[in-house]
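*Asks:* Coordinates for the following, if possible.
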Amino acid sequence: MNPKRNILIVGGTGFIGYHLAKKSLKKGWQVTSISSKPPKKIRYLSKVKYILCDITKKKSLRNKIKKYFNYVVNLGGYVDHSDKKKTFTSHYAGCKNLTEIFLKKKPTSFVQMGSSLEYGNTKSPQSEKVKCNPKLINSTYGKAKLLSSIYLTNLFRKKNFPCTILRLYLAYGPKQDINRFLPIIIEGCIKDKKFPCSKGNQLRDFVHVNDVVDAILKSLVNKNAKGQIINIGSGKPRQIRKIIEYIKKVSKGGSPQFGKIKMRKDEIIKLYPSIKKAKKVINWRPKISFQKGLKSTIKFYNEKKNS
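*Replies:* Below you'll find the predicted structure:
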């Protein structure tokens, strides 16, 4: 009989981490989470082993990670990007600290969650073939993620480290923090508030959290994913204004004030990926339509408001 598979989710108390842990438990896996803070009540799972640790503290991290893990997924890092130093350190140094440990305790697979911001202001649809330059990335978060990707792909080439980088676009779904774009709009509409917006001309790509989890799980068990950078998104750009108007229609409330927020000078108007590689390498494509996913997300926040 094969021993039970075990997975370490770095950042397992976060939005994506919670949904990944929940799905992993359903698969019968042992789940361990490492994060700097305990889970919120809404994201607590009784069968998960929670370890509190700052991944930027190398010695402490080494002492916390004693056992062998079949799978490691790095979703960790400082969420509030206003502190540039903490953002860079948690995402880049944190990633390096983890890989130094797992070079010695090599797992079957290591999935690093990257970001669409690694592409900077390159033309959409953005392809993994684009050569990204950290010097051209304005975002501290994007730069840290890109340097992590470069570091990991070099480790794969030099030491056969079994890593996969998933460049994620905008994930959404139930139990996302309320300070994120879609939850802010949804809350404004279900509470029938006035709220300021830009003109909403931007095109963005949204992918449901369950589809993101599916992409992670497929990457963990697919040998062809090793050493690869793979975009994860819907591949279908949507105009922000139309999304806000749709949320208003479904919620039957809210007064978005379009044009009240000026767009930044460096605002990227079109930001969406090609997902051809995801389809080819890991046989992944999103299954949840945006309308269906958005309706279930609105329902969640509506029920939360009324509870």
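*Asks:* List the backbone torsions phi and psi for the residue nearest to residue 123 when sequence neighbours are not counted.
*Replies:* Using C-beta to C-beta, 6 or more residues apart in numbering and skipping residues adjacent in sequence, the residue nearest residue 123 is residue 270, 7.8 Å away. Glycine gets a C-beta too; all of them are placed from N, C-alpha and C. Dihedral pair for residue 270: phi -110, psi 120, per degrees, to the nearest 10.
*Asks:* and residue 270, how many neighbours does it have?
*Replies:* Per other C-beta atoms under 10 Å, the neighbour tally for residue 270 reads 15.
*Asks:* Same question for the one 10 residues further on.
*Replies:* In terms of burial, residue 280 registers 11 neighbours under the definition other C-beta under 10 Å.
*Asks:* right, and the helix or strand after the helix or strand hosting it?
*Replies:* If you go by DSSP states H and E, residue 280 is part of helix 276-281. Heading C-terminal from helix 276-281, the first helix or strand you meet, by DSSP H and E, is helix 290-306.
*Asks:* What residues sit buried inside that following helix?
*Replies:* Within helix 290-306, the residues that count as buried by 16 or more other C-beta atoms under 10 Å are 290, 293, 294, 297, 298, 300, 301, 302.
*Asks:* contacts for that helix?
*Replies:* Defining contact as C-beta atoms under 8 Å, 6 or more residues apart in numbering, one finds that helix 290-306 is touched by 172-176, 182-183, 186-187, 189-191, 206, 208, 234, 236, 238, 243, 246-247, 250-251.
*Asks:* Using PDB, list the CA coordinates for that helix.
*Replies:* C-alpha atoms of helix 290-306 as PDB (Å, rounded to 0.1, in the frame of the first residue of the first chain):
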ATOM      1  CA  PHE A 290     -16.900  34.100 -15.600                       C
ATOM      2  CA  GLN A 291     -20.700  34.600 -15.300                       C
ATOM      3  CA  LYS A 292     -21.200  31.500 -13.300                       C
ATOM      4  CA  GLY A 293     -18.100  32.100 -11.100                       C
ATOM      5  CA  LEU A 294     -19.100  35.700 -10.500                       C
ATOM      6  CA  LYS A 295     -22.700  34.900  -9.500                       C
ATOM      7  CA  SER A 296     -21.500  32.300  -7.000                       C
ATOM      8  CA  THR A 297     -19.000  34.800  -5.600                       C
ATOM      9  CA  ILE A 298     -21.700  37.500  -5.300                       C
ATOM     10  CA  LYS A 299     -23.900  34.900  -3.600                       C
ATOM     11  CA  PHE A 300     -21.200  34.200  -1.000                       C
ATOM     12  CA  TYR A 301     -20.700  37.800  -0.100                       C
ATOM     13  CA  ASN A 302     -24.500  38.400   0.000                       C
ATOM     14  CA  GLU A 303     -24.900  35.500   2.500                       C
ATOM     15  CA  LYS A 304     -21.900  36.700   4.500                       C
ATOM     16  CA  LYS A 305     -23.600  40.200   4.800                       C
ATOM     17  CA  ASN A 306     -26.900  38.600   6.000                       C
END
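*Asks:* Now do that helix: distance to the chain's middle.
*Replies:* 20 Å (C-alpha atoms, centre = their mean, to the nearest Å).
*Asks:* Then stretch 140-153?
*Replies:* 14 Å.
*Asks:* which residues sit against it?
*Replies:* With C-beta under 8 Å, 6+ apart, stretch 140-153 has contacts from 77, 81, 84, 87-88, 90-92, 95-96, 99, 110, 112, 114-115, 117-118, 120, 132, 134, 137, 161, 163, 165, 167, 227, 229.
*Asks:* Give me the buried positions along it.
*Replies:* 140-149, 151-153.
*Asks:* swap in stretch 128-139?
*Replies:* For stretch 128-139, by 16+ other C-beta under 10 Å, it's 128, 132, 137, 139.
*Asks:* Which of these sits closest to residue 275?
*Replies:* When the buried residues of stretch 128-139 are compared for distance to residue 275 (C-beta to C-beta), residue 128 wins out at 9.9 Å.
*Asks:* Relative to residue 64, how far out is the closest residue to that closest one other than its chain neighbours?
*Replies:* Excluding the flanking residues, the one nearest residue 128 by C-beta to C-beta, 6+ apart is residue 229, at 4.9 Å. Per C-beta to C-beta, to the nearest Å, residue 229 is found 28 Å from residue 64.
*Asks:* No more questions from me, cheers.
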